[in-house]
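Novice: A predicted structure for the sequence below; I have some questions about it.
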Amino acid sequence: MNDKEIQSVVEEGRRAIAIEIQGLQRLHDNLNSAFEGAVRLILKSRGRVIVTGIGKSGLVGRKIAATMASTGTPAIFLHPVEAMHGDLGMVMPGDVIIAISNSGETQELNALLPAFQERQIPIIAFTGNRDSTLARSSTFVLDTGVEKESCALGLAPTASTTAAMAAGDAMAVVLLQLRHFSEKDFRRNHPMGTLGERLKVSVKQVMITGDQMPVVRTGSSMEQVMEEIDRKALGAALCLDQQDILVGIVTDGDLRRAMLKYPDLRDRMVDEIMTRNPKSVMPDAMAADALAIMENHLITVLPVVDLRGRLEGIVHLHDLLGKGQFKFVI
């Protein structure tokens, strides 16, 4: 591809984005009291927001429902076809419907309207056609129409789905503010996001050290090893030489396998049973790196050593996940 062709590609991409920006500007300018009414309706509802749509509108609807649910507004997605085959049972008095259809004449979606009306469930329409069947059946209508799609054929939902997505995001954000939804509330709904923050710390901030480490020396009997594993309750014992260099590890799994192999296990030496040169991590590594090593090798404990291989600590999976003795402030 030559420079001229690359420039042509870039310009075409910019043209598509410009059309989507125009659609968002139209949505911005047309936002009116219907938006406020829809927000107030959801705010005072006793149930959930049921978002529905099909095709690309359905994909947008799933995202809107997920955003609302994570920001303090109970919401779920209802697929129109599945609804006609029993999932209508999830729609209860007190719920509010957000129905998404650019044309407002989507057959599968409009087939649900009588059922919603029979249940006296209010409908908020996201549509580009204010004269459509969907619009006429709705309590509030948000005009999410665009002058044209960014697709050169004018057929693929692009600018219109962007506008619908933005309308849903705007609604979720306003509801968040009106509900006084806090950062603490948000983190409570995103435990894995909180985990991500925790994993940004260094290993030395989460490792177990000192007398809490399960440690034995080369030449120890397996009876001593088992006593140390039981006493420290981490599911493993680390074996050191006389210079405090880590030379091996004995895990609960190693014990089970050794018990089947050696009837006289208690009388054997740790040097016979331990796994030599175990996986380890440096103290200045990120906790996320330690977790990755554990996941890759299917292990739950990881020794922490310095450049010379001297033992400095041990990390347990539970400590990385916030369940161990190291407590993260959330």
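Specialist: Perfect, I can see it now.
Novice: show me where pLDDT drops low in the stretch 1-150 of the chain?
Specialist: The model of the stretch 1-150 of the chain has pLDDT under 70 over residues 1-4, 6.
Novice: So which residues of the stretch 201-330 of the chain form helices?
Specialist: Per DSSP state H, counting those that start in this stretch, the stretch 201-330 of the chain carries helices over the ranges 222-232, 252-261, 270-273, 287-297, 317-320.
Novice: Quick one: closest of those helices to Thr158.
Specialist: helix 287-297 (36.3 Å; Cβ to Cβ). Placement of C-beta: from N, CA and C, glycine included.
Novice: re the thing from before, mind checking which of the helices of the stretch 201-330 of the chain is nearest Glu5?
Specialist: Closest among those, once you apply Cβ to Cβ, is helix 287-297, at 40.5 Å.
Novice: gap between Arg257 and Ile273?
Specialist: 9 Å (Cβ to Cβ, to the nearest Å).
Novice: ditto for Val10
Specialist: 63 Å.
Novice: And the two? Which one has more around it.
Specialist: Ile273 (19 against 10; other Cβ atoms under 10 Å).
Novice: wait, isn't that one in contact with Gly253?
Specialist: No. Shown here, Ile273 and Gly253 do not form a contact pair, counting by Cβ atoms under 8 Å, at 11.4 Å.
Novice: who does the top helix by length along the chain touch, helix- and strand-wise?
Specialist: Ranked by residue count and defined by DSSP state H, the top helix of the chain is helix 3-30. With contacts taken as 3 or more Cβ pairs under 8 Å, 6 or more residues apart in numbering; DSSP states H and E, helix 3-30 sits against helix 159-178.
Novice: Run the angle between the helix it packs on and helix 3-30 for me.
Specialist: 50 degrees (axes from the mean of the first three to the mean of the last three Cα atoms, to 10 degrees).
Novice: Please shift the residue numbers so they start at 21 in all later answers.
Specialist: Understood, numbering begins at 21; the last thing we discussed is helix 179-198.
Novice: For helix 179-198, which residues meet the burial criterion?
Specialist: 179-188, 190-192, 194-196 (16 or more other Cβ atoms under 10 Å).
Novice: so what's Met246 closest to, chain neighbours aside?
Specialist: Among residues not flanking Met246 along the chain, Leu275 sits closest, at 6.7 Å (Cβ to Cβ, 6 or more residues apart in numbering).
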